[in-house]
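> build me a model from this:
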Amino acid sequence: MLSELQYPNDLAHVINYKICISESFIRLFTNYGPCQPVIPYPKNVEGRLFQKKWYERNSWLEYSPQKDAMFCFSCRLFLNEEKYKGRVAWKSEGISRWRTALKKIKEHASSESYMIGMVRWKGFQSQALDIALETANQEVQAARDKEKQRKREILCRLISITLYLARQCFPFRGDQESSISENRGNFLELVEMFGKYDSVVKLHLDVIKEKQEILKRSQVSLLSNRTQNDLIKALAISVRRVILEEIHKSKIFSILIDETSDVSHTEQVSFVVRYVHDLKIKERFIQVFNVQSTTGEALEKEVISMLNTNNLNIDDMRGQGYDGAANMSGIYNGLQSRLQRQNPKACTQPKSSISRKCKIKYSVCNLFQFV
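Numbering: from 1, shown residues only. Sure, this is the predicted structure:
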């Protein structure tokens, strides 16, 4: 009702409509602030009138157009105790003798009641500001939590896709991954297929496309090749943690090592661990690492480093498996003889390279079954 009036914060409305001064009323009028209209003020019988310049240094001062009188905003709202009810001049009756208005303003500004009212007013404003900031912070936090949950749901689906491709030994990327490509690779194509049936993925893809059209640049999509690599690395860490926990429980283990070169002619060594867990013999691929030299001494350093990196004790090793190359199986300077000098219990068991490579491929393909 007050909001429909010309001056909703005019004190005259409170008197005319007999409005009770409640906390909600104080909050409403605090939002409005003092009634300080700039209008053609009427003259009194002495030919004097209210001056708008009096507002400038007196933020608490207000003028009622209906009563043609000035009041103290803080006193009328915040001094409602019994001991202040007799002080009605600045609260309800108003000051309208303009000849002595400046003197009255100065006297009131130095009075105890004025100071108490101002302190309460500023305190109420501070409290209202704290509530507003807290509400805003809650809204911001709620939006952040919602966005975090949305991204978590997206990541869950991307992890499922990554696990599927890893278990099936399928390549992730395609030769051409642009939006106009007919085949963008297994990972992106599976994401697109998920988007047809999954509302979470569909919304994510739609948001990415919309932002790209507006900003004309690539957006954080969680679909880049870097994200794919990060997902694979994160899952590999998780898988390795499970494998190492099983090895530590079984206490003893054997190692299977094979050396080969990739298409860039970089020498690489595959590291596989064989152990017994829950009465089952398991062979688990741990890592492939590059080597600068394939001599027995160089390979020994790499294997010791690999064991230390994975917190495996060479004293717990009970077997070694290599191909017939001299640098691996040599009885004097081969890798197997060097490791046996450190642990005589690490017996050597020759195996054919072809059989072991098949086992390594099988181990890699089934690596992600632990997640």
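
> in the chain, which residue is most central in space?
Most central in the chain under Cα atoms, centre = their mean is Lys148, positioned 5.7 Å from the mean C-alpha point.

> residues contacting the closest residue to Asn311 other than its chain neighbours?
Distances taken as Cβ to Cβ, 6 or more residues apart in numbering put Leu244 closest to Asn311, at 6.7 Å, once the chain neighbours are dropped. For glycine as for every other residue, the C-beta is placed from the backbone atoms N, C-alpha and C. Leu244 makes contact with 310-312, according to Cβ atoms under 8 Å, 6 or more residues apart in numbering.

> which element is Leu244 on?
helix 225-250 (DSSP states H and E).

> buried stuff in that helix?
Across helix 225-250, burial judged by 16 or more other Cβ atoms under 10 Å covers 227-228, 231-232, 235-236, 239-240, 243-244, 246-247.

> quick one: name whatever helix or strand follows that helix.
Heading C-terminal from helix 225-250, the first helix or strand you meet, by DSSP H and E, is strand 253-261.

> so that next one versus helix 225-250, what angle?
Angle, strand 253-261 to helix 225-250, by axes from the mean of the first three to the mean of the last three Cα atoms, to 10 degrees: 150 degrees.

> remind me which residues of the stretch 101-250 of the chain are low pLDDT?
Within the stretch 101-250 of the chain, the segments meeting pLDDT under 70 span 128-129, 132-133, 216-219.

> give the rounded mean pLDDT of the host helix or strand of Arg341.
Element membership for Arg341, per DSSP H and E: helix 335-342. Averaged across helix 335-342, pLDDT comes to 88.

> please name the nearest non-neighbouring residue to Arg240.
Closest residue in space to Arg240, ignoring its immediate chain neighbours: Ile286 at 6.7 Å, by Cβ to Cβ, 6+ apart.

> that neighbour and Asn308, how far apart?
13 Å (Cβ to Cβ, to the nearest Å).

> list the buried residues for stretch 153-162?
Buried residues in stretch 153-162, counted by 16+ other Cβ under 10 Å: 154, 157-158, 161-162.

> return the subset of those residues lying in helices.
Taking DSSP state H as the definition of helices, the buried residues of stretch 153-162 contribute 154, 157-158, 161-162.

> circling back: give me the angle between the helix or strand harbouring the residue nearest to Arg240 and strand 253-261.
Element membership of Ile286 [criterion: DSSP H and E] is strand 280-290. Put simply, strand 280-290 runs at 40 degrees to strand 253-261, going by the same axes, to 10 degrees.

> which SSE is immediately downstream of strand 280-290?
Next along from strand 280-290, by DSSP H and E: helix 296-309.

> for beta bridges, what are the partners of Phe253?
Phe253 has these beta-bridge partners by DSSP bridges: Met317.

> much appreciated, bye for now.
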